[in-house]
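Asker: Here is a sequence with its predicted model. Questions after.
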Amino acid sequence: MQQPLYVLTESTQRTSGTDARRSNVAAGRAVASAVRTTLGPRGMDKLLVDSSGGVVVTNDGATILREMDIEHPAAQMLVEVAETQESEVGDGTTTAAVLAGELLARAEGLLDDDVHATAVVEGYHEALRLALDAVDGLLVEGEVDRDALVTVAETAMTGKGTGDVATGVLAEIVVDAVLQVADDGRRVDRDDIRVFTRTGASAAATELVRGVVFEEEPAADNMPRSVEDATVAVLDMKLDVRSGEVDTEYTITSVEQLDAAISAEDAERRGIAETLSEAGVDVVFSSKEISDPVAAYLADAGILAFSNVKTSEARAFARATGARRLGTLDGIESGDLGTAASVRVERHGGDDVTFLDGSDDSRTVTLYVRGSTDHVVDETERAIDDALGVVVAAHADGEIVPGAGAVEIAIADRLRSGANAVTGRKSLAVEAFADAVDAIPRTLAENAGLDPIDALVDLRARHDREGVAGIVIDGPSVQITDPRDDRVVDPAAVKREALESATEAATMILRIDDVIAAN
Ligand code: ADP
Ligand code: MG
């Protein structure tokens, strides 16, 4: 009798071949179908409840997938697609997930027809190349100026629960924010755009502060609460008697000596306030502590000071005012200091909120996001986040394409005509890729209440005639027309990233023929 040979522990679960593939494809499709109803301006929202009862209402693909707590490893890969999309270009997460799901679904049909997985994978890569070509062919001509950026921001925010009025206001704010902090190479460091949220006003009351909004209170109550034309010092040092590198020990033998020691310390504390005051400083931010006695002297000198500010804030104060971050007051000079148009402590919703309005060339901005409730503020913040992502992307490479499914129709068209040139069974995969891309306009149509088949037929006809056609949704009206005329445009980078990351995830899942899970 031959002994059974155990390579894996008994509790290990293993599925191979067709079973593994089917389970992976099904999991991927399930993820895609979970988000597809949220696509586009008429997309619906999801209400998600986490294990501790927290509620999130959102339309944002990446947020939905993140909150869903997905366990299946293949499905997890699609979640990663959405996350990559979010971190790379900030928008297009639903598009990427839907596309990946469709690529899997179409591939399964081919595999069932005995096309080998390798041929499908190769065909998909070939198709990706053609699809990227098609994106290049559809770039909107002309410079991507401020107005174009506003349209990009509006397109990203339509249907995100911010309302039409707010969307217009927010789009302008987002574009101004990006233009304020972009460097000469049109690059933006996202750390320079801060978001500060507070309930108690409508989303349309959201404003752009060319500086920093923060929650710290002044270090002493009797400090001024508002300073105009402020000279600002940003310090990374404790403001108190120097404790010294070596332990000093006083031997005190008389009351006089004690008094002398105390007044020496007192003089040092007063000296700190004097040094700052003589340097002309009106406002001090320190990432370390400011002791109460020093704060009292600063208050006496009419200086507004904030202690223990966060490191990220200290950076922002320096970027907003042009101040240098100092670790010592020795030799402090005017070149180390920054300027701010104003620093004001205001009472908002029962808390002190401080506004630092930087100089005109402030290198940091804050979007002060308002909304009537926490849910509204959160969803507004997500919409703004998407809009920031697209505006940054569109500004950086100056490339935008018509939205509303127009790019996808063009890609599918390009793939179908290009499939003939692809040899062998790979051409079937290229056609399957075209069908998968069609899912985007089809879903937009479905979510807008149109018959998806009719809509696709109309779209293709118009695309053939005019070269550009999308399903343009404007309030209650839905029309097959040129999206550029209705200011519906997406950054080319978002489309490219969605195509690339969806292809990558789908082909990665298709190459798997064995799932071995330790228990
Ligand atoms: P994603 O997470 O992929 O960004 P969205 O729900 O934001 O998903 O939908 C984006 C899609 O909606 C894009 O294809 C975009 O072109 C399209 N879109 C945006 N505004 C409109 C509009 N007014 N009419 C038609 N389509 C639009
Ligand atoms: Mg979007």
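Answerer: Thanks, I have it. Ligands and ions are numbered 1, 2, ... in the order given.
Asker: Can you classify R370 by secondary structure?
Answerer: Following DSSP: H, G, I helix; E, B strand; the rest coil, R370 is assigned to strand.
Asker: Which stretches in the stretch 251-400 of the chain count as helices?
Answerer: For the stretch 251-400 of the chain, the helices defined by DSSP state H, counting those that start in this stretch occupy 255-278, 292-300, 311-321, 374-397.
Asker: Redo those as JSON lines? Include mean pLDDT and distance to ligand 2.
Answerer: Quick note: C-beta positions are derived from backbone N, CA and C, even for glycine. Output for these, formatted as JSON lines (pLDDT from 0 to 100; distance: least, Cβ to the ion, whole Å):
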{"stretch": "helix 255-278", "mean pLDDT": "83", "distance to ligand 2": "48"}
{"stretch": "helix 292-300", "mean pLDDT": "91", "distance to ligand 2": "47"}
{"stretch": "helix 311-321", "mean pLDDT": "90", "distance to ligand 2": "27"}
{"stretch": "helix 374-397", "mean pLDDT": "87", "distance to ligand 2": "5"}
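Asker: Next, format those helices as a markdown table and append distance to S202.
Answerer: Formatted as a markdown table, the helices of the stretch 251-400 of the chain follow (distance: least, Cβ to Cβ, whole Å):
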| stretch | distance to S202 |
| --- | --- |
| helix 255-278 | 41 |
| helix 292-300 | 37 |
| helix 311-321 | 26 |
| helix 374-397 | 8 |
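Asker: quick one, which of those helices is nearest to S11?
Answerer: For the helices of the stretch 251-400 of the chain, the distance to S11 is smallest for helix 374-397, at 40.9 Å, taking Cβ to Cβ.
Asker: which element follows the closest one toward the C-terminus?
Answerer: The element immediately downstream of helix 374-397 (helix or strand, assigned by DSSP states H and E) is strand 400-402.
Asker: Outline the domain layout of the protein.
Answerer: Residue ranges for the domains of the chain, per automatic domain parsing: 13-139+401-517, 156-210+362-398, 216-360.
Asker: Dump those domains into TSV; add mean neighbour count and distance to L5 as well.
Answerer: Formatted as TSV, these follow (neighbours: other Cβ atoms under 10 Å; distance: least, Cβ to Cβ, whole Å):
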stretch	mean neighbour count	distance to L5
domain 13-139+401-517	20	15
domain 156-210+362-398	20	53
domain 216-360	17	57
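Asker: With distance to ligand 1 added, can I get the ones you listed in JSON lines?
Answerer: Output for the domains of the chain, formatted as JSON lines (distance: least, Cβ to the nearest ligand atom, whole Å):
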{"stretch": "domain 13-139+401-517", "distance to ligand 1": "2"}
{"stretch": "domain 156-210+362-398", "distance to ligand 1": "4"}
{"stretch": "domain 216-360", "distance to ligand 1": "28"}
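Asker: Which single residue in this protein comes nearest to ligand 2?
Answerer: D91 (4.3 Å; Cβ to the ion).
Asker: show me what contacts that residue?
Answerer: 85, 156, 386-387, 389-390, 393, 490-491, 494 (Cβ atoms under 8 Å, 6 or more residues apart in numbering).
Asker: now do F285
Answerer: By Cβ under 8 Å, 6+ apart, the neighbours of F285 are 232-235, 305-306, 309, 313-314, 317.
Asker: what sits against V212?
Answerer: Neighbouring residues of V212 by Cβ under 8 Å, 6+ apart: 194, 313, 316-317, 320, 355-356, 358, 364, 366.
Asker: phi, psi of it?
Answerer: Main-chain dihedrals, V212, degrees, to the nearest 10: phi -130, psi 140.
Asker: Could you report the pLDDT at it?
Answerer: As predicted, V212 sits at a pLDDT of 91.
Asker: I'd like to know how far it sits from V283.
Answerer: 12 Å (Cβ to Cβ, to the nearest Å).
Asker: Mutual contacts of these two, please.
Answerer: With Cβ under 8 Å, 6+ apart as the test, V212 and V283 both reach L356.
Asker: pLDDT below threshold where in the stretch 51-200 of the chain?
Answerer: Applying pLDDT under 70 to the stretch 51-200 of the chain flags residues 161-165.
Asker: What are the boundaries of the helices in it?
Answerer: Ranges of helices in the stretch 51-200 of the chain, per DSSP H, counting those that start in this stretch, are 61-67, 73-89, 93-112, 117-137, 146-157, 164-181.
Asker: right, is the third one up against ligand 2?
Answerer: If I follow you right, that is helix 93-112. No: judged by Cβ under 5 Å from the ion, helix 93-112 stays clear of ligand 2, getting no closer than 6.7 Å.
Asker: CA-only coordinates of that helix in PDB, if you can.
Answerer: Written as PDB, here are the backbone C-alpha positions of helix 93-112 (Å, rounded to 0.1, in the frame of the first residue of the first chain):
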ATOM      1  CA  THR A  93     -12.400  54.800 -10.000                       C
ATOM      2  CA  THR A  94     -15.900  53.500 -11.000                       C
ATOM      3  CA  THR A  95     -14.900  53.500 -14.700                       C
ATOM      4  CA  ALA A  96     -11.800  51.500 -13.900                       C
ATOM      5  CA  ALA A  97     -13.600  49.000 -11.800                       C
ATOM      6  CA  VAL A  98     -16.500  48.500 -14.300                       C
ATOM      7  CA  LEU A  99     -14.000  48.100 -17.100                       C
ATOM      8  CA  ALA A 100     -12.000  45.500 -15.300                       C
ATOM      9  CA  GLY A 101     -15.200  43.600 -14.500                       C
ATOM     10  CA  GLU A 102     -16.300  43.700 -18.100                       C
ATOM     11  CA  LEU A 103     -12.900  42.600 -19.400                       C
ATOM     12  CA  LEU A 104     -13.100  39.600 -17.100                       C
ATOM     13  CA  ALA A 105     -16.700  38.800 -18.200                       C
ATOM     14  CA  ARG A 106     -15.800  38.900 -21.900                       C
ATOM     15  CA  ALA A 107     -12.700  36.900 -21.300                       C
ATOM     16  CA  GLU A 108     -14.700  34.200 -19.700                       C
ATOM     17  CA  GLY A 109     -16.700  33.800 -22.900                       C
ATOM     18  CA  LEU A 110     -13.600  33.400 -24.900                       C
ATOM     19  CA  LEU A 111     -12.100  30.900 -22.500                       C
ATOM     20  CA  ASP A 112     -15.300  28.900 -22.600                       C
END
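Asker: Determine the set of other helices and strands touching it.
Answerer: helix 17-36, helix 61-67, helix 73-89, helix 117-137, helix 426-447, helix 492-510 (3 or more Cβ pairs under 8 Å, 6 or more residues apart in numbering; DSSP states H and E).
Asker: what's the angle from the fourth one to helix 17-36?
Answerer: Using axes from the mean of the first three to the mean of the last three Cα atoms, to 10 degrees, the inter-axis angle of helix 117-137 relative to helix 17-36 is 30 degrees.
Asker: Same check on the last one?
Answerer: Orientation check (the same axes, to 10 degrees): helix 492-510 against helix 17-36 gives 150 degrees.
Asker: anything in helix 492-510 near ligand 2?
Answerer: No: judged by Cβ under 5 Å from the ion, helix 492-510 makes no contact with ligand 2; its nearest approach is 8.0 Å.
Asker: Output the contacting helices and strands for that helix.
Answerer: helix 17-36, helix 73-89, helix 93-112, helix 117-137, helix 374-397, strand 400-402.
Asker: how about those, which one is nearest M223?
Answerer: Here helix 374-397 is closest among those (Cβ to Cβ), at 29.8 Å.
Asker: Would you mind getting the angle between the closest one and helix 164-181?
Answerer: Angle, helix 374-397 to helix 164-181, by the same axes, to 10 degrees: 50 degrees.
Asker: Skip the chain neighbours and tell me the closest residue to the residue of the chain closest to ligand 2.
Answerer: Leaving aside its sequence neighbours, D91 sits nearest to D386 (Cβ to Cβ, 6 or more residues apart in numbering; 4.4 Å).
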